[in-house]
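[1] Structure of the sequence below:
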Amino acid sequence: MDELMRWPLPYIAGQAVFCGLGLVLLGARWREHELFSADYWRFLVVPWRLAFFVAAWAGIVLLAPFTGDPTWDAVDASFMAILAWATAPAVVGTLYRAARGWRSRLHMLPALAVGLFSASWSYDLYLYARDGAYPVTWSGNLYASSFLYVCAGLFWSLEWSDARGRVVPAFMDREGWPPAPRVGSFVAVMRFAWVILIPIMLFFLAFPFIEYVL
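    Residues are numbered from 1 along each chain as shown. Purely as a prediction, here's the structure:
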């Protein structure tokens with residue numbers, strides 16, 4: 001009972017209700033969501049996106065033993081990397097486009113549910129199953145992983161835009177999202193991608209320093 005009282009019970013209840021509502025809305029209008037679109041998956045599996053996904057996955061798995069964080073292991077590092085690559089572009093894109101009024105705002109709730117589950121709540125459930133207790137790191141992970149998740153959504157959405165004449169997250173163009181894969185856009189994308197990659201790399205480099213030094 002004492003252990004249970006330390007759990008964030010209102011937060012857990014909120015997770016369950018929010019994910020349940022999101023699942024219902026997602027199921028009711030699934031054809032309108034990119035996650036179920038063949039065009040979206042063709043956009044994601046171009047070679048450079050897959051290569052960066054594999055590099056990111058390998059990096060966080062190899063880094064896990066050196067972080068000093070007992071909640072970070074190869075299992076949660078793997079499934080959170082996969083979920084971020086698979087869902088973050090769709091989730092961030094949906095929130096942006098709904099905020100601009102380009103699609104129904106009813107799509108925002110299921111997008112948020114998918115995003116929060118991918119970035120944080122799947123981590124909580126895994127650690128509960130592994131350790132038999134709700135992780136005390138739930139709140140810190142919620143903020144840190146949500147930041148990384150949004151960065152991942154922006155990065156894996158990058159594409160050259162003919163309409164704008166520059167590289168932008170592809171969901172920022174009103175028409176043509178998800179776009180057809182473009183041949184030869186990698187160099188142009190990489191000239192801009194470091195704006196997003198550098199904060200991500202700094203976060204992971206700083207994590208062991210914070211754990212061991214501070």
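
[2] Packing partners of the helix ranked longest in the chain?
    The residue-count maximum for a helix in the chain (DSSP state H) belongs to helix 186-213. In terms of contacts (3 or more C-beta pairs under 8 Å, 6 or more residues apart in numbering; DSSP states H and E), helix 186-213 is packed against helix 47-63, helix 138-155, strand 158-161, strand 166-169. The C-beta positions use only the backbone N, C-alpha and C, and glycine is treated the same way.

[3] Report the inter-axis angle for the helix or strand containing Gly27 versus helix 138-155.
    For Gly27, the host element (DSSP states H and E) is helix 9-28. Taking axes from the mean of the first three to the mean of the last three C-alpha atoms, to 10 degrees, one finds helix 9-28 and helix 138-155 inclined to each other by 30 degrees.

[4] Quick check: mean pLDDT of whichever helix or strand comes after helix 9-28?
    Next helix or strand after helix 9-28 toward the C-terminus (DSSP H and E): helix 38-44. Averaging pLDDT along helix 38-44 yields 95.

[5] any weak-confidence spans in this structure?
    1-6, 207-214 (pLDDT under 70).

[6] Can you give the distance of stretch 23-43 from its chain's centre?
    Its chain's average C-alpha position is 16 Å from that of stretch 23-43, according to C-alpha atoms, centre = their mean, to the nearest Å.

[7] Next: stretch 193-210.
    16 Å.

[8] do stretch 57-65 as well
    Mean-position distance between stretch 57-65 and its chain equals 17 Å (C-alpha atoms, centre = their mean).

[9] And it, what's buried?
    Trp57, Ile60, Val61, Leu63, Ala64 (16 or more other C-beta atoms under 10 Å).

[10] separation between the closest residue to the second one other than its chain neighbours and Tyr96?
    Right, Ile60. Once flanking residues are discounted, Ile60 sits nearest to Ala77: 4.5 Å by C-beta to C-beta, 6 or more residues apart in numbering. In this view, Ala77 and Tyr96 are 27 Å apart by C-beta to C-beta, to the nearest Å.
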